[in-house]
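Visitor: what follows is a predicted protein model with its sequence.
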Amino acid sequence: MQVKYTLPILAAVGFFFAIYTVVNSNKPIPVAPAVAPPASAPFKSFIAGAGIVEAKSQNIAIGTPLSGIVKTLAVKVGDKVKAGAPLFYLDDRDTRAELAVKRADLAKAQAGINEANASLKDTQSLSDLAEAVTDRRAISSEELLRRRNALQINAAKLDSAKALMQQAEAALATTQTTLARLVVQAPVDGEVLQVNIRPGEFAQAGALTTPLLVLGNMDQLHVRVDIDENDAWRFDKNSKAVAFLRGNRNFKTDLIPAYVEPYVIPKKSLTGDSTEQVDTRVLQALYSFDRSQLPVYVGQQMDVFIEAKDYAEDGGSPL
């Protein structure tokens, strides 16, 4: 008798358990509280945009004109450098050996000029003696012609030696230029923001995903703001703008217009997904601010609000 009711009881228990599971799974998941409350616009009508902090000179990705092994790194992160200061040195042993060969070629070319010049003076003297003879019976016409031809030949040899000298000088200058290009120098006054190479590593020339070094002028910072193309017609570069530090809205500062890049570009993706498509275009405006007012770093994001006028819904004049 007990076995007879066991299966129905188990089935009923399973049925009620399934109902309980379905009901609980359909309950809405509570929204997780924000790590930091978002900033709110201080204007009645405004344009909101995401901003990123960058150096006044923009963030300069330092490359190398020639590929090679890094021999010496002359700077470290945080160093302040002047324009023209060495940043790192590439291995230059092959170039220095070639430079010695070019200098030897130059010395050889100089010796060739000296030799050709001496030969020219010798033939010039012999030709002058022959030309000075008044009695043409004392020297044959053949000998006189031979001395004149020898003078012209040696003059041409001197010109050829001078051309070889110029060629050797050009070859030496080319090698010296190559040697100078193996020393990568700072293009502007600035501060080293990032170093991604070490001595012994291979530095590849050309455009790189990860720059060898990042340099920027930190005397003043800029905020690059992305303004949606749908709001571009409302944007006025002379309007008031305020930036809030992302993660702490208590840190804010007034922005001073620097300049606007009058070219609408596709918005940069921040997900890193290579298959995604970006269909939003933005106008980029740059603002400056007092660096002492905010504890920010280059590359940090900010919430920017720009005051805008109220317009009628039909796109008419401001209200």
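Guide: Nice, I can see it. The structure presented is a predicted model; accordingly, all values stated were derived computationally and were not measured. Numbering: from 1, shown residues only.
Visitor: how far away is the residue positioned nearest the centre of the chain from Asn196?
Guide: The geometric centre of the chain, computed from its C-alpha atoms, lies nearest to Ala61 (CA atoms, centre = their mean), at 3.2 Å. Separation of Ala61 from Asn196 (CB to CB, to the nearest Å) stands at 10 Å. Where you see a C-beta, it was placed from the backbone N, CA and C, and this is true even at glycine.
Visitor: which neighbours do the two share?
Guide: Contact criterion CB atoms under 8 Å, 6 or more residues apart in numbering; residues shared by Ala61 and Asn196: 211-213.
Visitor: quick one: which of those residues is most hemmed in?
Guide: Leu213 (23 neighbours; other CB atoms under 10 Å).
Visitor: and the closest residue to that residue other than its chain neighbours, how many neighbours?
Guide: Among residues not flanking Leu213 along the chain, Ile62 sits closest, at 3.9 Å (CB to CB, 6 or more residues apart in numbering). Under the neighbour criterion other CB under 10 Å, Ile62 is assigned a count of 21.
Visitor: next: the one 4 residues further on.
Guide: Burial of Leu66 is recorded as 13 neighbouring residues (other CB under 10 Å).
Visitor: same question, Asn117
Guide: Counted with other CB under 10 Å, the burial measure for Asn117 works out to 15 neighbours.
Visitor: tell me if it really is in a helix.
Guide: Yes. In this structure, Asn117 lies within a helix as judged by DSSP: H, G, I helix; E, B strand; the rest coil.
Visitor: I figured it hits Asp159, correct?
Guide: No. Using CB atoms under 8 Å, Asn117 and Asp159 do not qualify as a contacting pair, with a distance of 11.0 Å.
Visitor: now do the same contact list for the residue nearest to the centre of the chain.
Guide: Contacts here follow CB under 8 Å, 6+ apart; on that basis Ala61 touches 208, 211-214.
Visitor: across the sheet, point out what pairs with it.
Guide: In this entry, Ala61 is beta-bridged to Val214, by DSSP bridges.
Visitor: then Met302?
Guide: Per DSSP bridges, residues listed as beta-bridge partners of Met302: Gly51, Leu245.
Visitor: could you do Lys252 as well?
Guide: Phe244.
Visitor: cool, Val282 as well?
Guide: The residues paired with Val282 through beta bridges, assigned by DSSP bridges, are Asp228, Ile265.
Visitor: and Val22, how many neighbours?
Guide: 9.
Visitor: which strand or helix spans it?
Guide: When secondary structure is defined using DSSP states H and E, the element that contains Val22 is helix 2-25.
Visitor: domain parsing for this protein?
Guide: Taking the TED database as the domain assignment, the ranges for the chain are 46-56+218-307, 60-90+185-213, 93-182.
Visitor: contacting residues for Leu164?
Guide: When the contact criterion is CB under 8 Å, 6+ apart, the partners of Leu164 are 109, 112.
Visitor: and the average pLDDT for the strand or helix carrying it is what?
Guide: Remark: Leu164 resides in helix 141-181, with elements defined by DSSP H and E. Confidence over helix 141-181 (mean pLDDT, whole number) is 89.
Visitor: ok now it, how far from the chain's centre?
Guide: In terms of CA atoms, centre = their mean, to the nearest Å, the centre of helix 141-181 is set 44 Å apart from its chain centre.
Visitor: what helices or strands is the helix or strand following it leaning on?
Guide: Taking DSSP H and E as the definition, the helix or strand that follows helix 141-181 towards the C-terminus is strand 183-185. Counting contacts by 3 or more CB pairs under 8 Å, 6 or more residues apart in numbering; DSSP states H and E, strand 183-185 packs against strand 86-90.
Visitor: thinking again about what came up before, contact partners for the residue nearest to Leu213?
Guide: Applying CB under 8 Å, 6+ apart, the residues contacting Ile62 are 87, 184, 186-187, 211-215.
Visitor: which one of the residues you listed is nearest Lys44?
Guide: Using CB to CB, Val214 is the member of the contacts of Ile62 that sits closest to Lys44, with 39.7 Å.
Visitor: does that closest one touch Leu193 like I think?
Guide: Yes. Shown here, Val214 and Leu193 form a contact pair, counting by CB under 8 Å, at 4.4 Å.
Visitor: and the strands in the stretch 201-319 of the chain?
Guide: Assignment of strands within the stretch 201-319 of the chain using DSSP state E, counting those that start in this stretch yields the ranges 202-203, 213-216, 221-228, 241-245, 252-254, 256-266, 281-289, 301-307.
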